[in-house]
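Chemist: next come a sequence and a model predicted from it.
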Amino acid sequence: MSGKIADILISSFTKILLPGIRVTIPLTILAFILATVIALALALVQVAKVPVLSQIARIYIWIFRGTPLLVQLFIIFFGLPSLGVRLEAFPAAVIAFGMNLGAYNAETIRAAILGVPEGQFEAAALVGLTWWQTMIRVVLPQAFTIAFPPLFSSLIGLVKDTSLASAITVIELFTTAQQIAARTYQPFALYCEAGVIYLLFCTVLTWLQSWLEKKLVRRSPEND
Amino acid sequence: MIRVKNLHKSFGSNEVLKGIDFEVDNGEVIAVLGSSGSGKTTMLRCMSFLEKADQGEITFDEFHHDMVTISRRDIHKMRMHMGFVFQSFNLFANQTALENVTTGLTVARKIPKPQAQETAHEMLKKVGMEDRALYYPAQLSGGQQQRVAIARAIAANPRVVFFDEPTSALDPELTGEVLDVMKKLADEGTTMVIVTHEMQFARDVADKVVFMDGGSIIEQNGAKEFFESPQQERTLQFLRRSSKDYNYYI
Ligand SMILES: Nc1ncnc2c1ncn2[C@@H]1O[C@H](COP(=O)(O)OP(=O)(O)OP(=O)(O)O)[C@@H](O)[C@H]1O
Ligand SMILES: [Mg+2]
């Protein structure tokens, strides 16, 4: 019996890992890029206090943080077609995850920008920089250092959240594990295996994070 | 060169500047003295538009503006000719000493990078920081940071440089190196407005002293006359309190 489970686990490992690499990882990366673009835009219009746009940003964040991710996924994939917008499962998942995480990361980025001391803004204005130049040359690079750890945590969270995409027919890591579990009647073993593969991905990301954080630490002239 | 007329500023119900008239001539070094809370910082901040005045007019060479209705654009134009040195340095934390000096030149003034770097090295040399050009602010002492901040403030050859207590955040043994740099700038004819508590420095370097009390300028005079024969009782009290060896009275 246990030998049989071992065989199933071994033969299913690459079967689960492959969609993990081909689907889960690209889904995570694309959604995270979209989330970052949305988050930056939402944070900047608020910091700049752009009328109307900053209110829209608040409402966006309110809605996307206040409703379940699964509901958002379903609205985009199953709901939009009735309005004539038909999306493939994969792009629908990218959009849902990206828009959802964008709302959370907007708050992270906004807090990081507000965490840059006022004196940096003032000094930049007095050397003659415009608002945009101040953001790009002075504020965002410093905000990035502050926001990096929480943003990276959100990336790790996203890897696991992508398993929800199975609910809208995306054939990713978890969906594959589900299918094999149903066929072999070994749900315990298969779902544990899926968990281990997610753990593997997240462990690699955690290593990557500490490596990047070391690189991010302000360079000193000695090691330039 | 700069003339500010009838400058008013309140924070809520706290009237901090009560109609200031202030003038700086080309090449002049003005020391602004006054006890804590008298409005010195607020005056400098209004003149550089970090704080919006409630009332007042400013004339700065060819520029003439109402300080309340002035547009962002006009503020930007005037700032291109001003330098500002903060009490807390405020060097850009993500930039090296050299980049701190070049940013205002390359980004704000579109000066080509090689030329900006040449200027920046020259400025860092002037403040004795050329060997720290590639250090980040966090790797520099307070006195060194303030000298870089001075290099940044003078790099674009501004017509006037404002200093807000440039040595107050420094350990006593580090103030000398910053004051020496400022003295050098004064000797070169830089127009400077210096808020300071360094009485000896004000006496040695300033051409003129402006004394503020409770949001007004209550006395101004040539530096020598100011210290030797203060006209107001408040001034005399202030001078006695600020320098134990003050002995010009009676
Ligand atoms: N942003 C602000 N909001 C509210 N009140 C302020 C603000 N900035 C300054 N004040 C008040 O204005 C008054 C004058 O402050 P200011 O900083 O100009 O004094 P100062 O002469 O520079 O004093 P110091 O020698 O301590 O630096 C003080 O009563 C201070 O509390
Ligand atoms: Mg002050």
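Modeler: On my side now, so go ahead. Numbers count the residues shown, from 1 in each chain, chains lettered A, B, ... in the order given. Ligands and ions are numbered 1, 2, ... in the order given.
Chemist: and residue B:214, what does it touch?
Modeler: For residue B:214, the contacting residues are B:18, B:38-39, taking Cβ atoms under 8 Å, 6 or more residues apart in numbering or on different chains as the criterion. To be clear about C-beta, it is placed using only N, CA and C from the backbone, and glycine gets the same treatment.
Chemist: so which of those sit within strands?
Modeler: Using DSSP state E, residue B:18 are the members of the contacts of residue B:214 that sit in strands.
Chemist: ok, the contacts of residue B:214 vs residue B:92, which is closest?
Modeler: The shortest approach to residue B:92 among those belongs to residue B:39, at 28.4 Å (Cβ to Cβ).
Chemist: residue B:211 is in contact with that closest one, correct?
Modeler: No - in this structure residue B:39 lies outside contact range of residue B:211 using Cβ atoms under 8 Å: 11.6 Å.
Chemist: circling back to that earlier point, please list which of the contacts of residue B:214 are also close to ligand 1.
Modeler: Checked against ligand 1 using Cβ under 6 Å from any ligand atom, those yield the following neighbours: B:38-39.
Chemist: how about residue 140: what's its closest non-neighbour residue?
Modeler: As the question left the chain open, I've gone with chain A. Nearest residue to residue A:140 in three dimensions, chain neighbours excluded: residue A:113, at 7.5 Å (Cβ to Cβ, 6 or more residues apart in numbering or on different chains).
Chemist: that answer is for a different chain, and I need it for chain B
Modeler: In space, and not counting its chain neighbours, residue B:140 is closest to residue B:132: 6.2 Å by Cβ to Cβ, 6+ apart.
Chemist: lowest average confidence, helix or strand, in chain B?
Modeler: Within chain B, confidence by mean pLDDT, DSSP states H and E is lowest for helix B:233-242 among all helices and strands, at a mean of 89.
Chemist: touching ligand 1 at all, that one?
Modeler: No - Helix B:233-242 lies apart from ligand 1 when judged by Cβ under 6 Å from any ligand atom; the minimum separation is 11.1 Å.
Chemist: please apply the same query to stretch B:20-35.
Modeler: Yes - for stretch B:20-35, a contact with ligand 1 is found by Cβ under 6 Å from any ligand atom, at residue B:34.
Chemist: list the buried residues of that stretch.
Modeler: Neighbour-count burial for stretch B:20-35, counted by 16 or more other Cβ atoms under 10 Å in any protein chain shown, picks out B:20, B:22, B:24, B:28-35.
Chemist: ok, so of these, who is nearest ligand 1?
Modeler: Nearest to ligand 1 among the buried residues of stretch B:20-35, counting by Cβ to the nearest ligand atom, is residue B:34 at 5.5 Å.
Chemist: bridging residues for the closest one?
Modeler: The partner list for residue B:34 in beta bridges (DSSP bridges) reads residue B:212.
Chemist: quick one, what contacts residue A:209?
Modeler: By Cβ under 8 Å, 6+ apart, the contact list for residue A:209 reads A:149, A:152, A:156.
Chemist: any chance you could map the strands in chain B?
Modeler: B:2-11, B:14-24, B:29-34, B:55-60, B:63-66, B:82-85, B:160-164, B:192-195, B:208-213, B:216-222.
Chemist: export those strands as TSV, with columns for mean pLDDT.
Modeler: Formatted as TSV, the strands of chain B follow (pLDDT from 0 to 100):
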stretch	mean pLDDT
strand B:2-11	97
strand B:14-24	96
strand B:29-34	96
strand B:55-60	97
strand B:63-66	96
strand B:82-85	97
strand B:160-164	97
strand B:192-195	97
strand B:208-213	96
strand B:216-222	95
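Chemist: next, format these as JSON lines and append distance to residue A:45.
Modeler: Output for these, formatted as JSON lines (distance: least, Cβ to Cβ, whole Å):
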{"stretch": "strand B:2-11", "distance to residue A:45": "28"}
{"stretch": "strand B:14-24", "distance to residue A:45": "33"}
{"stretch": "strand B:29-34", "distance to residue A:45": "39"}
{"stretch": "strand B:55-60", "distance to residue A:45": "32"}
{"stretch": "strand B:63-66", "distance to residue A:45": "29"}
{"stretch": "strand B:82-85", "distance to residue A:45": "29"}
{"stretch": "strand B:160-164", "distance to residue A:45": "32"}
{"stretch": "strand B:192-195", "distance to residue A:45": "37"}
{"stretch": "strand B:208-213", "distance to residue A:45": "40"}
{"stretch": "strand B:216-222", "distance to residue A:45": "42"}
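Chemist: hmm, back to that, filter the contacts of residue A:209 by proximity to ligand 1?
Modeler: Okay, of those, nothing touches ligand 1 (Cβ under 6 Å from any ligand atom).
Chemist: which of those fall within helices?
Modeler: Within these, residues falling in helices by DSSP state H are A:149, A:152, A:156.
Chemist: can you give me the neighbour number for the second one?
Modeler: Counted with other Cβ atoms under 10 Å in any protein chain shown, the neighbours of residue A:152 add up to 18.
Chemist: how far away is it from chain B?
Modeler: Separation of residue A:152 from chain B (Cβ to the nearest Cβ, to the nearest Å): 19 Å.
Chemist: packing partners for the top helix by length along chain B?
Modeler: In chain B, ranked by residue count with DSSP H as the criterion, the top helix is helix B:172-187. Contacts defined by 3 or more Cβ pairs under 8 Å, 6 or more residues apart in numbering or on different chains; DSSP states H and E place helix B:172-187 against helix B:142-154, strand B:192-195, helix B:199-205.
Chemist: that helix versus helix B:142-154: what angle between them?
Modeler: In this structure, helix B:172-187 runs at an angle of 20 degrees to helix B:142-154, with axes from the mean of the first three to the mean of the last three Cα atoms, to 10 degrees as the basis.
Chemist: what does helix B:172-187 rub up against?
Modeler: Helix B:172-187 is touched from outside by B:29, B:126-128, B:141-143, B:146-147, B:150, B:154, B:161, B:163, B:166-167, B:170, B:192, B:194, B:198, B:201, B:204-205, with contacts defined as Cβ under 8 Å, 6+ apart.
Chemist: my read is that residue A:110 contacts residue A:49, right?
Modeler: No - the pair residue A:110 / residue A:49 is not scored as a contact, 11.6 Å apart, by Cβ under 8 Å.
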